[in-house]
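Student: Sequence first, predicted coordinates after that:
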Amino acid sequence: MRVLVIGSGGREHALCWKLAQSPELEELYCAPGNPGIAEVADLVPKPVDEIQDLASFAADLKIDLTVVGPELPLTLGLADELRRRGLKVFGPGREAARLEGSKVFAKEFMGRHGIPTAAFEVVHDLSEARKAAKKMGLPVVLKADGLAGGKGVLIPETRDELDEALVTFFEERRFGAAGDRVVIEEHLTGEEVSFIALSDGERILPLATSKDYKRIGEGDTGPNTGGMGAHTPSGVVSGELGAEILETVLQPTVVGMAEENSPFRGILYAGLMLTDEGPKVLEYNVRLGDPEAQPLMLRMEDDLLPVLAAGAEGDFGGHKLRFKKEAAACIVLASEGYPGKPVKGEAIEGLDTVRTHEGVQVFHAGTAFRADDDQTVVTAGGRVLDVCASGDTLVEALRRAYAAAAEISWPSKVFRRDIGRRVLEKQAG
């Protein structure tokens with residue numbers, strides 16, 4: 001089977017790494033990819049937003065299956081264009097991708113289908129925002145309606161922080177058109193977890209539970225990011241709770257999308273807050289979580305390729321997904337300045353050293369080859385590397401991942417040293 005993966009981050013590296021292990025794979029391409037992905041796939045220098053160009057490439061090479069990693073090409077309609085040309089793709093169409101592409105659509109969709117989420121209001125200007133925030137109380141959550149690279153959420157806790165956040169959205173317009181509409185919602189408290197499943201439009205195949213860590217600073221402080229670490233299992237979702245999430249969130253979402261003539265065929269991610277009233281949806285993603293995907297791929301036992309191919313045809317049939325009983329963890333190594341303006345272009349050392357570490361796998365998230373040297377890997381993004389490891393227990397997986405992370409360096413490297421700590425303390429206590 002000829003397969004094309006779209007994307008260039010750690011999630012796509014993990015996908016390519018897993019798909020490359022399939023005995024059904026003949027050729028693997030990735031557009032545009034990165035230096036790490038180049039070790040397992042042929043890179044195609046095409047941007048993820050060049051929808052027609054990507055579709056033409058897939059058609060010309062008679063690609064048997066396209067797997068779309070990031071959200072942007074999905075919201076731009078890549079899956080629709082591929083299907084229009086008679087090509088198989090695992091990823092939702094533009095209408096279904098609005099679950100992530102529009103926070104307003106997602107919140108109103110949940111309201112229509114009785115899916116538990118935080119109380120909210122949609123506002124269009126500073127005056128409306130002030131009134132809504134006053135009604136919700138502090139802390140309060142402000143979300144840009146459109147895509148903002150995982151950075152369009154602000155959670156002011158004081159009046160001064162609220163004033164600053166409102167300036168950011170409505171006067172500075174830091175999020176551009178993505179902030180034309182803003183969701184103001186109540187601040188939920190509890191434990192945050194990720195629940196990810198595959199859908200063929202009707203059926204659901206849940207992945208193992210996972211938990212990511214969004215804040216830049218230890219102790220969950222500082223700005224939100226795309227994710228600074230993750231582990232699986234989550235350590236906080238029991239089998240009973242997982243069944244409740246499937247019944248109250250995932251299944252109603254897939255059924256609701258089908259009822260609205262936008263069948264969801266792809267990866268459905270629910271970011272959840274486990275509140276005293278039960279699990280509530282914080283956000284939807286229409287693709288694998290990043291960095292949750294990385295440790296999940298380490299634990300996945302089954303061949304992923306035939307499952308995705310069956311899902312692309314709208315019928316998982318008898319396919320299942322099994323996961324190893326071991327744990328896996330991911331430590332994100334970022335560059336100073338992230339999630340704002342990260343330092344780029346610094347040479348990375350130690351990548352070859354960690355290849356020999358037991359149970360360790362490093363996925364490239366924001367890397368490139370130095371312009372004048374196609375052997376030297378340099379930083380090229382905020383999140384640079386995902387250092388992942390598996391182990392019999394979460395303690396062992398984290399120990400291995402942190403040991404490997406310590407051997408990789410560049411001048412502006414930053415990372416969180418407390419991934420998994422609170423979960424382990426709860427389990428111990």
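Tutor: Happy to help now that I have it. Residues are numbered from 1 along each chain as shown.
Student: pLDDT value on V193, please?
Tutor: Reading off the confidence values, V193 has pLDDT 88.
Student: Could I get the contacting residues of it?
Tutor: Residues near V193 by C-beta atoms under 8 Å, 6 or more residues apart in numbering: 209-211, 234, 236-237, 271-272, 274. In this view, the C-beta of every residue, glycine as well, is placed from N, C-alpha and C.
Student: Identify all residues paired with it through a beta bridge.
Tutor: L272 (DSSP bridges).
Student: E292 versus that one, what's the distance?
Tutor: Noted for V193: a distance of 10 Å to E292, by C-beta to C-beta, to the nearest Å.
Student: What of R421?
Tutor: For R421, the distance to E292 (C-beta to C-beta) stands at 18 Å.
Student: tell me, what's touching V193 and E292 both at once?
Tutor: Contact criterion C-beta under 8 Å, 6+ apart; residues bridging V193 and E292 by contacting each: 210-211.
Student: In contact with P342, which residues?
Tutor: 334-336, 366, 379, 381-382, 412.
Student: From those, which land in strands?
Tutor: Members of the contacts of P342 lying in strands (criterion: DSSP state E): 334-335, 379.
Student: which one of those sits closest to A428?
Tutor: A334 (28.4 Å; C-beta to C-beta).
Student: how many other residues sit next to the closest one?
Tutor: Counted with other C-beta atoms under 10 Å, residues neighbouring A334 total 26.
Student: hang on, isn't E244 packed against L272?
Tutor: No: with contact defined as C-beta atoms under 8 Å, E244 does not reach L272; the gap is 10.6 Å.
Student: which residues do the two both contact?
Tutor: Residues touching both E244 and L272 by C-beta under 8 Å, 6+ apart: P279.
Student: out of the two, which sits in the more crowded spot?
Tutor: Using other C-beta under 10 Å as the criterion, E244 and L272 rank with L272 on top: 26 against 14.
Student: Tell me the pLDDT of that one.
Tutor: L272 carries a pLDDT value of 94.
Student: who's in contact with it?
Tutor: 192-195, 245, 249, 279-282 are the contacts of L272 under C-beta under 8 Å, 6+ apart.
Student: For R130, grab phi and psi.
Tutor: Per-residue torsions, R130: phi -60, psi -40 (degrees, to the nearest 10).
Student: Out of the ones in strands among the contacts of P342, which is nearest to E39?
Tutor: T379 (18.1 Å).
Student: quick one on the thing from earlier: which one of the ones in strands among the contacts of P342 sits closest to A403?
Tutor: Nearest member of the ones in strands among the contacts of P342 to A403, counting by C-beta to C-beta, is A334, at 18.5 Å.
Student: Hmm, that closest one is touching A405, no?
Tutor: No: at 11.3 Å, A334 and A405 do not qualify as touching, with contact defined as C-beta under 8 Å.
Student: Name the residues contacting each of these two.
Tutor: Residues touching both A334 and A405 comprise F415, with contact defined as C-beta under 8 Å, 6+ apart.
Student: between R421 and E292, which one's more packed in?
Tutor: Using other C-beta under 10 Å as the criterion, R421 and E292 rank with E292 on top: 31 against 14.
Student: With adjacent residues omitted, what lies nearest to that one?
Tutor: Nearest residue to E292 in three dimensions, chain neighbours excluded: S210, at 4.2 Å (C-beta to C-beta, 6 or more residues apart in numbering).
Student: how close does the one you found get to G317?
Tutor: In this structure, S210 and G317 are 25 Å apart, going by C-beta to C-beta.
Student: Just want to know which of the two has more residues nearby.
Tutor: S210 (27 against 12).
Student: that's a strand at A328, yeah?
Tutor: Yes: with DSSP: H, G, I helix; E, B strand; the rest coil as the criterion, A328 is part of a strand.
Student: residues in contact with it?
Tutor: A328 touches 231-232, 295-296, 298-299, 388-391, 397, counting by C-beta under 8 Å, 6+ apart.
Student: mind checking pLDDT for it?
Tutor: The model reports A328 with a pLDDT of 98.
Student: center of the chain - which residue?
Tutor: G289 (2.3 Å; C-alpha atoms, centre = their mean).
Student: now that one: how far from L333?
Tutor: 18 Å.
Student: again with L54
Tutor: In this structure, L54 and L333 are 29 Å apart, going by C-beta to C-beta.
Student: Equivalent analysis for K134, please.
Tutor: K134 sits 41 Å away from L333 when distances are taken as C-beta to C-beta.
Student: how about the helices in the stretch 101-250 of the chain?
Tutor: 103-113, 126-136, 159-170, 239-245 (DSSP state H, counting those that start in this stretch).
Student: re the thing from before, make JSON lines out of the ones in strands among the contacts of P342 and add distance to A97 and pLDDT.
Tutor: Below are those laid out as JSON lines (distance: C-beta to C-beta, whole Å; pLDDT from 0 to 100):
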{"residue": "A334", "distance to A97": "27", "pLDDT": "98"}
{"residue": "S335", "distance to A97": "29", "pLDDT": "98"}
{"residue": "T379", "distance to A97": "30", "pLDDT": "98"}
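Student: For the stretch 51-200 of the chain, give me the ranges with low pLDDT.
Tutor: Scanning the stretch 51-200 of the chain for pLDDT under 70 picks out the ranges 150.
Student: Buried ones from the contacts of P342, can you make that a PyMOL selection?
Tutor: Selection of buried members from these for PyMOL, criterion 16 or more other C-beta atoms under 10 Å:
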select buried, resi 334+335+336+366+379+381+382
